[in-house]
Every structure is written in structure tokens, then in C-alpha cells.
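[1] Fold the stuff below for me.
(2 chains)
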Amino acid sequence: MMIKPSSLRSPLGHARGLGSAKNGTHHWWAQRLTALALIPLTAWIIYSILGLADSSYVEFVTWLRNPLNVTLLVLMVAATFHHAQLGAQVVLEDYVSNHAWRVGSVIAVKFVCAALAVLCIVSIIIVAFGR
Amino acid sequence: MSTAAKPTTTRAIGAHGANRPLSPHLQVYRMPLAALLSIAGHRVTGCGLVFGLLLLTWWLTAAAYGEDAYGVVMSFIGSWFGQLILFGFSVALYFHLCTGVRHLFWDAGKGFEIADTQRSNQIVLASAVILTVITWVAAL
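    Have a look, this model is predicted:
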């Protein structure tokens, strides 16, 4: 920032409150961490789905009642939807030029992803614990 | 840009009047393969996968509603249209995964040289195709 020589405010006074909020890399870091987590989780879910391809409902429920499968599936769903809304946010912020549409669409994507993630996790728990 | 020395339009001149390359304009700039893979291979597939998550949600929610609802999802997935969507989803997923892993290497500061990037282009494309083929051979 340019400081006018005529200003009576000190350089520190100008700089205060304008610096890093200490979370500048949070979005970037969260996107990378979820990406890293999703590499093994994606491999696992594809392997599992291939094994379940011709199975009946009862076989699927039996598979989902395995504690390890419940854990991995909940982790996969949480990481996937978190990663999805972070990525969609970047795309919307890059390509939607109208401010209102940009903010509105980012909020909508975040709300929808959160709702779908909870719906998936609740469904997994209902199947895993029975009704 | 070979025409940079003699700009014919004002757009070729930067904000400070300097005669230097501008950032790629998506519609007029012939993108190198790495850029195409980044935008088409990573961003577009990522957006497609977000919509594909509706299928994941439907699958898990139907399982919670019971055997009948689960059967509806399974018969949809088993239909030719369902299989087509699933195939498209798997292609998008593997492209996004492979370009994404390369982005992680780039984030770590590795593979920025042009020769490295050209080689990783081939690795990314080949891996995505091979993974898709392996998955569908195993599935069918």
C-alpha cells in the first residue's frame, strides 16, 4: 500500500488490520487434505462396489453392518462432499462475474452439499444400525 | 506469441503498455495439452462429479428407505441409461483423480519443467484410460 508522505498516521497505523487474517491458505489446504484422503477412500469404494455389483439388498445391508465399512463409507461421504463444495466454490468464484450470482451460487452449493452429506450419513447409520 | 512484437489490437498491450503475454483467454488461446487437461480434465470433470454425487445420495438414501426403494435404484443402474451414466461417472472420476494427483505433485513443487509436464500428460491420460478399462473389465 502507498502511504502518502503528508499523512500523520504512522506506517504501523496504516498496516494494522490490513494484514493476513491467518487463514489465507485454509481453503487451499482443506482441498488438498480431502484430495489426499479421497485417493485411498475412492480406491476402496470402487473395489467395494465392484464386489457388491450383483448382490441382493440383504447382502448389501450385511456389508454395511461391518463396522469398518460404515466408518470408511462415512469418511468417504464426508471427504467427498467437503471436497466437492470447495472445488465448486473455486469454479463459481472464477467464472461467475455478477457479484450477487457469485455469492448466491456459492452459498447454495455449500448448503446443498451439506444437506446431501448429512442425508447420506444418516442413511448409512440407519442401514448400519437397523430400524 | 509470435505477433507480440507488432500488436494489431490494443488488447495485446498490457495495462502498463508493456508488450508482454497476457493470461490465456479461454476462447481464443490455443491451449497446450497440460492446460487443456487442467481445465477440461480436472475442472469440467469435477463439476460433472458434483452432479454425479446425486446418484450416490440416491443409492444410500434408498438403502435406508428399504428393499423396494433400493431395488428401484438397482434396476435404474442396471438399465442401459444407468450404465451409461455410471460409465461417464467412472471416466470423469478417473480423469479427475489422475489430473488431481498431478496437481498434488505440482503443489509439492515437482514436475514443472516442460519435459516433465509433457511426460506427465501422457501418464495422466494413460492412467485414466487404463483404470477405466480395468474397472469395467472387472465389472462386466
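[2] remind me, longest helix of chain A?
    helix A:99-129 (DSSP state H).
[3] Please identify the buried residues of that helix?
    Buried positions in helix A:99-129, judged by neighbour count with 16 or more other C-beta atoms under 10 Å in any protein chain shown: A:102, A:105-106, A:109, A:112-113, A:116-117, A:119-121, A:123-124, A:126-128. Any C-beta I mention is one placed from the backbone N, CA and C, and that applies to glycine too.
[4] Do a quick rundown of the strands in chain B.
    Counting by DSSP state E, chain B has no strands to list.
[5] What parts of it come near chain A?
    B:43, B:46-47, B:49-50, B:53-54, B:56-57, B:60-61, B:63-64, B:67, B:70-71, B:93, B:97, B:100-101, B:103-104, B:107, B:135, B:138-139 (C-beta under 8 Å from any C-beta of the partner chain).
[6] which ones among those residues are found in helices?
    Members of those lying in helices (criterion: DSSP H): B:46-47, B:49-50, B:53-54, B:56-57, B:60-61, B:63-64, B:67, B:70-71, B:93, B:97, B:100-101, B:103-104, B:107, B:135, B:138-139.
[7] Can you say which of those residues are buried?
    Among these, those buried by neighbour count (16+ other C-beta under 10 Å) are B:46-47, B:49-50, B:53, B:56-57, B:60-61, B:63-64, B:70, B:93, B:97, B:100-101, B:135.
[8] sorry, back to before: specify which member of the buried residues of helix A:99-129 is nearest to residue A:27.
    Within those, the smallest distance to residue A:27 is 11.4 Å, found for residue A:106 (C-beta to C-beta).
[9] what sits against the closest one?
    A:88, A:89, A:92, A:93 (C-beta atoms under 8 Å, 6 or more residues apart in numbering or on different chains).
[10] make it 10 Å
    If you count contacts by C-beta atoms under 10 Å, 6 or more residues apart in numbering or on different chains, residue A:106 has them with A:85, A:88, A:89, A:90, A:91, A:92, A:93, A:96.
[11] now the residues you listed in a markdown table, with pLDDT, neighbour count and secondary structure?
    Formatted as a markdown table, those follow (pLDDT from 0 to 100; neighbours: other C-beta atoms under 10 Å in any protein chain shown; DSSP: H, G, I helix; E, B strand; the rest coil):
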| residue | pLDDT | neighbour count | secondary structure |
| --- | --- | --- | --- |
| A:85 | 97 | 20 | helix |
| A:88 | 96 | 21 | helix |
| A:89 | 95 | 19 | helix |
| A:90 | 93 | 15 | helix |
| A:91 | 93 | 17 | helix |
| A:92 | 94 | 19 | helix |
| A:93 | 92 | 13 | helix |
| A:96 | 91 | 15 | coil |
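[12] so which of the residues you listed also contact chain B?
    Near chain B, taking C-beta under 10 Å from any C-beta of the partner chain as the test, the members of the contacts of residue A:106 found are A:85, A:88, A:90, A:91, A:92.
[13] angle of the longest helix of chain A against helix B:45-65?
    40 degrees (axes from the mean of the first three to the mean of the last three C-alpha atoms, to 10 degrees).
[14] where does helix A:99-129 sit relative to the chain's centre, distance-wise?
    10 Å (C-alpha atoms, centre = their mean, to the nearest Å).
[15] Show me the shaky parts of chain B.
    Within chain B, the segments meeting pLDDT under 70 span B:1-27.
[16] and the residue of it nearest chain A?
    Proximity of chain B to chain A (C-beta to the nearest C-beta) peaks at residue B:64, 3.7 Å away.
[17] Where does the prediction get shaky in chain A?
    With pLDDT under 70 as the threshold, chain A has low-confidence stretches at A:1-6, A:19-21, A:131.
[18] residue nearest the centroid of it?
    Centroid-nearest residue in chain A, with C-alpha atoms, centre = their mean: residue A:82, separated by 1.1 Å.
[19] So that one sits against residue A:32, correct?
    No. The pair residue A:82 and residue A:32 fails to qualify as a contact (C-beta atoms under 10 Å) at a distance of 11.9 Å.
[20] can you tell me which residues contact the closest residue to residue B:33 other than its chain neighbours?
    Distances taken as C-beta to C-beta, 6 or more residues apart in numbering or on different chains place residue B:121 nearest to residue B:33, at 4.9 Å, with adjacent residues excluded. For residue B:121, the contact set (C-beta under 10 Å, 6+ apart) comprises B:32, B:33, B:34, B:36, B:37, B:41, B:99, B:102.
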